[in-house]
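*Asks:* Fold the following, please.
(one chain, ligands or ions: 1)
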Amino acid sequence: MQPQHILCLNLEGDAETAASQLTANGWTVTQARDVGSAVRILTHGSFHVGLLIVGARLGVPASAVEALVGASDTTQWVALCQPEALESAEFRDLVLNCFFDEQVLPVEDWGDLSMMLGHARQRGMLKRRHRADARSVDALGMVGQGADMARLRSEIRKVAQTEAPVLIGGESGSGKELAARAIHQCSPRASGPFVVVNCGAIAPTLIQSELFGHERGAFTGASAERRGLIEAASGGTIFLDEIGDLPLELQTNLLRFLQEKTINRVGAVRNLHVDVRVVAASHVNLAEAVAVGQFREDLFYRLNVLSIDVMPLRRRMEDVPILAEHFFQRCAAKTRTHARGFSRQSMEAMQAHTWPGNVRELFNRVQRAVVMTDRRLIAPADLGLSMADSTIGMALNTARITAERDVICLTLNRVGRNITHAARELGVSRMTLYRLMDKHSIALEAEPRQQSAAWGAQPAPKPIRTTSSSVTGFGTSS
Ligand SMILES: Nc1ncnc2c1ncn2[C@@H]1O[C@H](COP(=O)(O)OP(=O)(O)OP(=O)(O)O)[C@@H](O)[C@H]1O
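*Replies:* This is a model prediction of the structure:
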């Protein structure tokens, strides 16, 4: 068994009794005389759990205890106090916001207290692991540990080794540009430039010269020759985002470039050889655009040599907590914030949301919450999410059915709809889970795991159609 270390800060009372009782219950106790030394100890050592012992009053400013708790975001604190201390609203506030749990003095059973401290320690360890995972942004800058992310990373590494064009499909905000960057970073071209062009954002009148450049005097206002973006990407990669928005005429020029590796600046008489790899992305269905004559078929096939799909976030809900934690860390490092993390309810609300704006929406919500919240733990309201429906006012039986249904849906969402994993988490057999899904009319929507990049946008999943459920992401089988 791992040694159980605990940091004990005794602000008032019998420090020796606490230390000897904890030692007798298997704890290795480090004692701090005051808040300042506890903070110093925390910054140098690592403790999963801390015990603060106070008398009838806190005796130090609440802000000092807040600073102590804030000194290590993975140490879980338990307060041990005289019952009178809880009369103070300020102290109650502190305990509720910053502590894992509290117990009043005198301690009747140190074994019970030790068990509670053990739970706090486990939570501290869990939090540390979670933080470490969230920090483990891979070399590609991509967060996520589900099967879909693993597949995406592996595809990125494979296509990065070739020179062929890549077409990335996926909904808006799902991470297509990040994937394109990752392809560039993993490729032999990594030391060359990575140039991003949003084809939909450049005025049609300018896009030709923006992409291909122009010679001096090529048109009114062209007072000097200018390299285009393709030339600027020489030796590296050009990422053509929203390629479906490229005017037909330019599609022809792009096709020529893909076939011959040469470009023709506007107004130039000679072709120019350029060594650039093309990665393109589209959130529209390019095959459909081909069918209605808005996208050149030959260009589509030329681009679609290698295709990669970035799954919408609602199809990989298991990545939501780790992405949220990653964005929280990123935003909290840049902003003065009270927040130390997410409340359990906000994690549940995030698991229940269907993320139509994908990872970008998650980032925006977390960023807003970090800036705006006055709480220590971000609540669903800070994220602009609500635990949509509550069971208040419901008959017990209805509430039971609702809870059963919601927990099944949440679990399925979390494990990426894997029945075996969901059954294991729920502690039932697969057959029982199928039976329960049948009972609640929960259907895993039939959808292929992988789609061609040509099929970008996917329909949002149907929300569950029961009156009380707050969980979405599954269709009803009825
Ligand atoms: N796996 C991920 N890990 C970390 N951050 C991510 C991940 N996926 C997406 N993001 C972040 O989400 C935001 C949106 O991603 P990105 O711009 O790559 O999406 P996109 O699909 O190209 O969007 P659009 O279609 O609107 O251009 C960015 O801030 C990006 O860094």
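
*Asks:* which residues of the stretch 151-300 of the chain fall in strands?
*Replies:* Across the stretch 151-300 of the chain, reading from the start of the chain, the strands by DSSP state E, counting those that start in this stretch fall at 166-169, 194-198, 237-241, 262-263, 272-273, 277-282.

*Asks:* what comes into contact with the fourth one?
*Replies:* Spelled out, that is strand 262-263. Applying CB atoms under 8 Å, 6 or more residues apart in numbering, the set of residues contacting strand 262-263 from outside is 212, 213, 228, 230, 231, 253, 256, 257, 271, 272, 273, 274. Yep, even glycine has a C-beta here, placed from its N, CA and C like the rest.

*Asks:* ok, now with 6 Å
*Replies:* Applying CB atoms under 6 Å, 6 or more residues apart in numbering, the contact partners of strand 262-263 are 212, 230, 257, 271, 272, 273, 274.

*Asks:* Next, count neighbours for the residue in the stretch 101-250 of the chain that the ligand sits nearest to.
*Replies:* Evaluated by CB to the nearest ligand atom, the stretch 101-250 of the chain has residue 175 as its residue closest to the ligand, separated by 2.8 Å. Other residues near residue 175 come to 26 when the count uses other CB atoms under 10 Å.

*Asks:* Show the contacting residues for it.
*Replies:* For residue 175, the residues meeting the contact criterion (CB under 6 Å, 6+ apart) are 310, 359.

*Asks:* Looking at it now. What's its pLDDT?
*Replies:* Residue 175 is assigned a predicted lDDT (pLDDT) of 95.

*Asks:* could you measure it against residue 152, distance?
*Replies:* Here the distance between residue 175 and residue 152 works out to 8 Å (CB to CB, to the nearest Å).

*Asks:* Check residue 441 too.
*Replies:* Taking CB to CB as the criterion, residue 441 is separated from residue 152 by 32 Å.

*Asks:* The two: which has the busier surroundings?
*Replies:* residue 152 (25 against 15).

*Asks:* Grab the nearest non-local neighbour of residue 23.
*Replies:* residue 29 (5.8 Å; CB to CB, 6 or more residues apart in numbering).

*Asks:* Which of the helices or strands spans the most centrally placed residue in the chain?
*Replies:* Residue closest to the average C-alpha location in the chain (CA atoms, centre = their mean): residue 323, at 1.6 Å. In this assignment (DSSP states H and E), residue 323 forms part of helix 320-334.

*Asks:* List the buried residues in that helix.
*Replies:* For helix 320-334, a neighbour-count test (16 or more other CB atoms under 10 Å) marks 320-332 as buried.

*Asks:* same question, stretch 257-270
*Replies:* Buried residues in stretch 257-270, defined by neighbour count with 16+ other CB under 10 Å: 257, 258, 263, 264, 265, 266.

*Asks:* quick one: which of these is nearest the ligand?
*Replies:* Proximity of the buried residues of stretch 257-270 to the ligand, judged by CB to the nearest ligand atom, is greatest for residue 258, which lies at 21.1 Å.

*Asks:* And residue 271, how far from residue 260?
*Replies:* Look at residue 271 and residue 260: by CB to CB, they are 8 Å apart.

*Asks:* Please apply the same query to residue 369.
*Replies:* The span separating residue 369 from residue 260 equals 51 Å under the rule CB to CB.

*Asks:* Also residue 316?
*Replies:* Counting by CB to CB, the gap from residue 316 to residue 260 is 39 Å.

*Asks:* Helices along the stretch 101-250 of the chain, start to end?
*Replies:* For the stretch 101-250 of the chain, helices defined by DSSP state H, counting those that start in this stretch occupy the ranges 110-135, 147-160, 176-186, 204-212, 229-232, 248-260.

*Asks:* Next up, the contacts around the residue nearest to the centre of the chain.
*Replies:* Remark: with contacts taken as CB under 6 Å, 6+ apart, residue 323 is in contact with 143, 362.

*Asks:* Give me the local confidence score for it.
*Replies:* On pLDDT, residue 323 comes in at 94.

*Asks:* Check residue 4 too.
*Replies:* You'll see residue 4 listed with a pLDDT of 88.

*Asks:* ok, what's across the strand from it?
*Replies:* For residue 4, the beta-bridge assignment (DSSP bridges) gives partners residue 27.

*Asks:* same question, residue 238
*Replies:* Here residue 238 sits in beta bridges with residue 195, residue 278, going by DSSP bridges.

*Asks:* Regarding the residue of the chain most remote from its centre, what are the backbone dihedral angles?
*Replies:* Residue farthest from the centre of the chain, counting by CA atoms, centre = their mean, is residue 269 at 50.0 Å. Backbone torsions of residue 269, given as degrees, to the nearest 10, read phi -100, psi -30.

*Asks:* And it, what's its pLDDT?
*Replies:* For residue 269, the model assigns a pLDDT of 79.

*Asks:* cool, residue 295 as well?
*Replies:* 93.

*Asks:* Please apply the same query to residue 300.
*Replies:* Turning to residue 300, the model gives it a pLDDT of 94.

*Asks:* just residue 477 next, same as before
*Replies:* Per the predicted model, pLDDT is 37 at residue 477.

*Asks:* How about residue 185?
*Replies:* Per-residue confidence at residue 185 stands at 91 (pLDDT).

*Asks:* what about the closest residue to it other than its chain neighbours, how many residues close to it?
*Replies:* With sequence-adjacent residues excluded and distances taken as CB to CB, 6+ apart, residue 185 is closest to residue 140, at 6.3 Å. Each residue near residue 140 was counted by other CB under 10 Å, and the total is 19.

*Asks:* Domain-wise, how is the chain divided?
*Replies:* 4-135, 147-311, 314-383, 396-476 (automatic domain parsing).

*Asks:* Comparing the ones you listed by mean pLDDT, which bottoms out?
*Replies:* Within these, confidence is poorest for domain 396-476, with a mean of 62 (mean pLDDT).

*Asks:* need the residues of the chain near the ligand, please.
*Replies:* Within the chain, the positions lying close to the ligand (CB under 6 Å from any ligand atom) are 142-144, 170, 172-178, 241, 283, 359-360, 363.

*Asks:* Buried among those? Make that a PyMOL selection.
*Replies:* Here is the PyMOL command that picks out the buried ones among the residues of the chain next to the ligand, judged by 16+ other CB under 10 Å:
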select buried, resi 142+143+144+170+173+174+175+176+177+178+241+283+359+363
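
*Asks:* ok, residue 48 - contacts?
*Replies:* Residues near residue 48 by CB under 6 Å, 6+ apart: 121, 124, 125.

*Asks:* what do you get for residue 62?
*Replies:* Contact criterion CB under 6 Å, 6+ apart gives 90, 94 as the residues in contact with residue 62.

*Asks:* Which entries within the contacts of residue 48 meet the buried criterion?
*Replies:* Using 16+ other CB under 10 Å as the burial test, the contacts of residue 48 include 121, 124 as buried.
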